[in-house]
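1. here is the input, now give the coordinates:
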Amino acid sequence: MRSMVVTTLGGPEALHLEERPSPALEPQSVRIEVHAAGVNFADSLLLRGRYQVRPRPPFAPGLEIAGVVRDVGAATSVRRVGERVIGVMRYGGFADEVVMPEENTYPLPDGMDFTTGAAFPVAYGTAHGALSWKAALQADETCLVLGAAGGVGLAGVEIAAAMGAQVIAAAGSDEKLAICREHGASVGINYQTDRVRTRLPDLAANGVDVVLDTVGGDAGDDALRRLAWDGRIVTVGFTAGRIPAFPANRLLLQNAAVHGLYWGEVAALDPQRVGRSFARLGEWYGEGRLRPRVATVLPLADAAHGIELLLSRAVSGKVVLDCRR
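-> Take a look at the predicted model:
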């Protein structure tokens, strides 16, 4: 098997392609021929040993894959050889073959190709968990998505719109905001020309009910100031680099709440809940309400470049690796 491996912690440049022995098949695991793997911001943190999960080198990053089941362990009961699946991993997905627990694999939604499938689990799973499980977003509420042109952000825009909310997208350029509008946003805020705190009074006079925050930093601070009564913030990442602080007195005065979501750990600890989430998302995909945007597809050997593209914020949507080439 081929795998993109890091032997010494560092930046994307630490990744290199290796031929490695195929992993042994455990009784409750399945062997998957990986056709595509999604690239996430968390992969850059894994490489530097700064993610919540800290594997020792050598290891391959990669949290999500799409492919075909080629073998099943003796104690498996659901997956079948030849089945098209998506999988959620703690790491190891940047490879053309993986062995992983059966319970962390799910059917690829009908009509979805492998490239789209690899772009689906983390972004859409995280956004749905944030908006449904944590925020309990309701139809006709106002939802602000920070980092709306990224993988989780754009998924959040689509999911919030599918749930009947009015969506305000915040992103770093007019071009990115145009993409957000194509995916369901009603209005947008350009970080480069406006502050979130100054634009929101015009866009949501009574404040925003729900904030999906993927960036933190100044935008996260500003969103807190414009929460509606009973408003909810769900924080899922800090791509801006600075972790925002949430003054308790402001939460008290707005009867507001801040939730954190570490979706990857939920996927590991409660795969059945994630399965129910994917089933709902699959229905929306089949209805045409979700349209995952793949910004670029790269060969497996170019995984380092894929991570660099994410870190540069040069793409809108997902970066996916084609693991068959």
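2. please count neighbours and contacts with C-alpha atoms only from this point.
-> Will do.
3. so how far is Arg324 from the residue lying closest to Ala228 once chain neighbours are set aside?
-> Nearest in space to Ala228, with sequence neighbours left out and distances taken as Cα to Cα, 6 or more residues apart in numbering, is Gly207 at 4.2 Å. Per Cα to Cα, to the nearest Å, Gly207 is found 48 Å from Arg324.
4. so which elements touch the helix of greatest length in the chain?
-> Longest helix in the chain, counting residues (DSSP state H): helix 271-286. Under the contact definition 3 or more Cα pairs under 8 Å, 6 or more residues apart in numbering; DSSP states H and E, helix 271-286 sits against helix 121-128, helix 263-269.
5. how about the helix or strand following the first one: buried residues?
-> Counting by DSSP states H and E, the element after helix 121-128 in chain order, helix or strand, is strand 142-146. Neighbour-count burial for strand 142-146 flags Thr142, Cys143, Leu144, Val145, Leu146 (criterion: 16 or more other Cα atoms under 10 Å).
6. then stretch 15-28?
-> Buried, per 16+ other Cα under 10 Å, within stretch 15-28: Leu15, His16, Leu17, Leu25, Glu26.
7. and what of stretch 189-202?
-> Result for stretch 189-202 [16+ other Cα under 10 Å]: buried residues Ile189, Asn190, Tyr191, Val196, Arg197, Leu200.
8. next: stretch 309-325.
-> Neighbour-count burial for stretch 309-325 [16+ other Cα under 10 Å]: Leu310, Val315, Ser316, Gly317, Lys318, Val319, Val320, Leu321, Asp322, Cys323.
9. take these and keep only those in strands.
-> Using DSSP state E, the subset of the buried residues of stretch 309-325 located in strands is Lys318, Val319, Val320, Leu321, Asp322.
10. average model confidence for the top strand by length along the chain?
-> Secondary structure of the chain read by DSSP E shows that its longest strand is strand 29-39. Taken as a whole, strand 29-39 has a mean pLDDT of 98.
11. that one pairs with which strands?
-> The pairing partners recorded for strand 29-39 under DSSP bridges are strand 64-72 (antiparallel), strand 97-101 (antiparallel), strand 318-322 (antiparallel).
12. and those as a markdown table, adding mean pLDDT and distance to Met1?
-> Below are the strands paired with strand 29-39 laid out as a markdown table (pLDDT from 0 to 100; distance: least, Cα to Cα, whole Å):
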| stretch | mean pLDDT | distance to Met1 |
| --- | --- | --- |
| strand 64-72 | 98 | 13 |
| strand 97-101 | 98 | 6 |
| strand 318-322 | 97 | 14 |
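13. please identify the most buried of those.
-> strand 318-322 (a mean of 27; mean count of other Cα atoms under 10 Å).
14. quick one, that strand and helix 121-128 angle?
-> 150 degrees (axes from the mean of the first three to the mean of the last three Cα atoms, to 10 degrees).
15. and the helices in the stretch 101-250 of the chain?
-> 114-118, 121-128, 151-162, 174-182, 196-203, 217-225, 248-253 (DSSP state H, counting those that start in this stretch).
16. ok so, going back, farthest-apart pair in the buried residues of stretch 309-325, please.
-> Within these, two members stand farthest from each other by Cα to Cα: Ser316 and Cys323, at 21.4 Å.
17. residue nearest the centroid of the protein?
-> Ala123 (2.4 Å; Cα atoms, centre = their mean).
18. for that residue, what are its contacts?
-> Gly151, Val152, Gly153, Ala155 (Cα atoms under 8 Å, 6 or more residues apart in numbering).
19. now Pro201
-> Gly207, Arg226.
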